[in-house]
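Colleague: Need coordinates for the below:
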Amino acid sequence: MPLPGTEKVLPYVIVSDEAFKLTVNIMRPYSKEQSSTDLQKAVYNYRHSRARRTSENAFGILCQYFRIFHAPIAVKPETVDDLTMAACILHNLLINDRISHSREPVEDKLYLPKANVQPLAKLRGNATHEAFKIRDDFVEYFSGRQGEVQWQIKHVTRTN
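Modeller: So this is what the prediction gives:
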């Protein structure tokens, strides 16, 4: 499926932090050194960060409802996938039930407490040329007319 407003097709990717190696399906941000001297890379890092924050917040919501996510889960990765999917389905059922039986507004700004996230060991190794090309394609898209959002330049160029 092409990127919105373009004919460019890129793979589905997982947004990660610096602990993971850049691969064709795992995108990581540019280093501070790279993004501080290149506005397009700074924009990419901003958009990458927003995407990561969304998934972290979603996991934070799951943690608030399901205690199993409060500690490492000692099961096979496939079982963790099943547990996560089941938790998402149950959460959606609970939300739908609460909305249909309650007039109280549903809280939509829950954040992941950092204490629930354990740091991962950094993975060493070189990314492939193809992985760099895919990330560069995202940089080009986010900085181009079709993929930009109106506030991104203002956000990355503001000083604190």
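Colleague: Who's the closest spatial neighbour of the residue nearest the centre of the chain, skipping the chain neighbours?
Modeller: With distances taken as C-alpha atoms, centre = their mean, residue 52 lies nearest the centre of the chain, 2.4 Å away. Once flanking residues are discounted, residue 52 sits nearest to residue 15: 4.9 Å by C-beta to C-beta, 6 or more residues apart in numbering. The C-beta positions use only the backbone N, C-alpha and C, and glycine is treated the same way.
Colleague: Downstream of the lengthiest helix in the chain, the next helix or strand is which one?
Modeller: For the chain, the longest helix by residue count, based on DSSP state H, is helix 39-65. Later in the chain than helix 39-65, the nearest helix or strand by DSSP states H and E is helix 77-101.
Colleague: ok, residues contacting that following helix?
Modeller: The contact list for helix 77-101 (C-beta atoms under 8 Å, 6 or more residues apart in numbering) reads 61, 62, 65, 66, 68, 69, 73, 75, 104, 106.
Colleague: which of the residues you listed are buried?
Modeller: 61, 62, 66, 69 (16 or more other C-beta atoms under 10 Å).
Colleague: and the angle for the least confident helix or strand in the chain by mean pLDDT with helix 39-65?
Modeller: Least confident helix or strand, the chain: helix 77-101 with a mean of 82, by mean pLDDT, DSSP states H and E. Computed by axes from the mean of the first three to the mean of the last three C-alpha atoms, to 10 degrees, the angle separating helix 77-101 from helix 39-65 equals 80 degrees.
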